[in-house]
Structure formats: structure tokens, C-alpha cells
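Visitor: Provided below for reference: sequence and predicted model.
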Amino acid sequence: EVHLVESGGGLVQPGGSLRLSCAASGFTFSNYWMTWVRQTPGKGLEWVANIKGDGSVTYYVDSLRGRFTISRDNAKNSLYLQMNSLTAEDTAFYYCAREVYYNSPDYWGQGALVTVSS
Amino acid sequence: VMTQTPLSLSVTPGQPASISCRSSQSLLHSQGKTYLYWFLQKPGQSPQLLIYEASSRFSGVPDRFSGSGSGTDFTLKISRVEAEDVGIYYCLQGTHFPRTFGPGTKVEIK
């Protein structure tokens, strides 16, 4: 059974940084593209970034490129999202998800809440 | 831009329901496939995939769910709504970069 568990969310001050982690199990992690999607009440679901199975290729939504970095450690079956220069607009639930189909997740984690506030 | 109609829907159990998703540009990819997906986010849960590539049901999805459409217009149909179908339904286009989600359609039971 595919299992994805995010961690690392919490309260951070504006301008601060946070690193989210996603622990994967139940499938051969290195064979799959992985993705981060965030959800806010105001903007709904927004794709953030994805990364190829071997980590050699990454893509980002234009608005976040340069501030957010996606990475993975296949030896640890883990996906990461480094978030820098955070603003209130980054407050959201962040989901990691596996990709099987072209540009679409199939299984999602339960999400990690990131709150940016002073 | 992805739009969905209606934005909310109240359905009697056992009755059908239909949700429309429209894209501002064709979702037919140069590879010949249409990368339109449907998700359901039940209350307090993360989204779950229902339909991939416009009309294929994902593993384990009941056959009361069906997807149809092409080009810019797509429809998700529930043949007989059950209480467990409540939540917010989202469409997602994966044909054009960046992938984008529709605003969601909230389905509740009468």
C-alpha cells in the first residue's frame, strides 16, 4: 500500500525558512516522479514543483522558482521541499504526492500545515 | 484557466450528479492523449484520484463514477450519489505547463 507522510510543518515568521519532508513507503520510490501541491482557502489547489525519480530533473511553478527547492533522497525514500523567504501568502497545507500519470498525482499524503505569521 | 460548474451541488441519495470542467485551451496533447483528471477531496482528507486521462477510472474507484469529454469541455458523472460521495471535486489539467486545478465543486447530500 502506498503511504506518504509529510512532516516539518509549523509556524514560521515572515522571511523565515522551513523544510518539509515526505516519507514514502509501499512502492519503489526511485522509480517515480514525486510532486508537491499546496492548498489554501483563497487560491485552492496549486501545483508547486515536481522531481524525476533519479532527481536529475525538476520543475517549478514560475511564481515560486528561486524561493522553493524540491529534492529527494532515494536511499531514505524521502522527498523534501525547502522553502525560503516565506510570506503570509505561503500559508497553506502542503501535500506530497506520487506521480504515475502524466503530470498528475495518484496518491497523496495527509498534508503538512505551514503557517507564516509574526 | 480551468473553470468548473456548478460550484456547489446538493443531491438526493440515489440520484445522478454531473459536474462540468472547462479549459480555456484544448487539453489534447501532441502525444495524442488528453491529460484531464478528476479528484475528490472528502472532508478532512487529502484529494484522491478518481479519473485519469479524461475517462479512465483509477484503481478501486466505483463504477458509478465516469468521466467524459474532449478538447476543452469535460464532465464527471456520478450515476447514483451515495452519502460517502460528499466533498469537493476538482479537475486538473496536465497538458499545459504549469498544471492547473479547477476551483472545485462542493457536493453535499440533501
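Guide: Structure's in. What do you need?

Visitor: run through the bridge partners of residue B:48.
Guide: residue B:40 (DSSP bridges).

Visitor: mind checking how far it is from residue A:54?
Guide: 27 Å (C-beta to C-beta, to the nearest Å). C-betas here are computed from N, CA, C, even on glycine.

Visitor: which parts of chain B are strands?
Guide: Assigned by DSSP state E, chain B shows strands spanning B:2-5, B:8-11, B:17-23, B:36-41, B:48-52, B:56-57, B:65-70, B:73-78, B:87-93, B:100-101, B:105-109.

Visitor: picking up where we left off before, quick one: which of residue B:48 and residue A:54 has more around it?
Guide: Taking neighbours as other C-beta atoms under 10 Å in any protein chain shown, residue B:48 and residue A:54 compare with residue B:48 leading, 17 against 10.

Visitor: tell me the contacts of that one?
Guide: Counting by C-beta atoms under 8 Å, 6 or more residues apart in numbering or on different chains, residue B:48 makes contact with A:108, B:39-42.

Visitor: from the residues you listed, which would you call buried?
Guide: Buried by 16 or more other C-beta atoms under 10 Å in any protein chain shown: A:108, B:39-41, out of these.

Visitor: now flag whichever of the residues you listed is closest to residue B:83.
Guide: Closest approach between the buried ones among the contacts of residue B:48 and residue B:83, by C-beta to C-beta: residue B:40, at 13.4 Å.

Visitor: give me the nearest residue to the residue of chain B found nearest chain A, chain neighbours excluded.
Guide: Closest residue of chain B to chain A, C-beta to the nearest C-beta: residue B:94 (2.9 Å). Distances taken as C-beta to C-beta, 6 or more residues apart in numbering or on different chains place residue A:103 nearest to residue B:94, at 2.9 Å, with adjacent residues excluded.

Visitor: now do residue B:69
Guide: residue B:75 (5.4 Å).

Visitor: of all the buried ones among the contacts of residue B:48, which two lie farthest apart?
Guide: A:108 and B:40 (11.4 Å).

Visitor: check contacts around the most centrally placed residue in chain B.
Guide: Nearest to the mean C-alpha position of chain B, counting by C-alpha atoms, centre = their mean, stands residue B:38 at 3.4 Å. Residue B:38 makes contact with B:21, B:49-51, B:65, B:67, B:76, B:89-92 under the criterion C-beta under 8 Å, 6+ apart.

Visitor: return the residues of chain B in contact with chain A.
Guide: Within chain B, the positions near chain A by C-beta under 8 Å from any C-beta of the partner chain are B:29, B:31, B:33, B:35, B:37, B:45-49, B:52-53, B:58, B:90, B:92, B:94-95, B:97-101, B:103-104.

Visitor: mind giving me the ChimeraX select for the residues you listed, buried ones only?
Guide: Of those, the buried ones can be selected in ChimeraX as follows, counting by 16+ other C-beta under 10 Å:
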select /B:33,35,37,46,47,48,49,52,53,58,90,92,94,95,98,99,100,101,103,104
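
Visitor: ok, of the contacts of residue B:38, which one's closest to residue A:35?
Guide: Nearest to residue A:35 among those, with distances taken as C-beta to C-beta, is residue B:92, at 11.3 Å.

Visitor: residue of chain A nearest chain B, please.
Guide: Counting by C-beta to the nearest C-beta, chain A gets nearest to chain B through residue A:103 (2.9 Å).

Visitor: gap between that residue and residue A:43?
Guide: 19 Å.

Visitor: the more surrounded of the two?
Guide: residue A:103 (21 against 12).

Visitor: I figured that one hits residue B:96, correct?
Guide: No: distance between residue A:103 and residue B:96: 9.1 Å, which falls outside the contact criterion (C-beta atoms under 8 Å).
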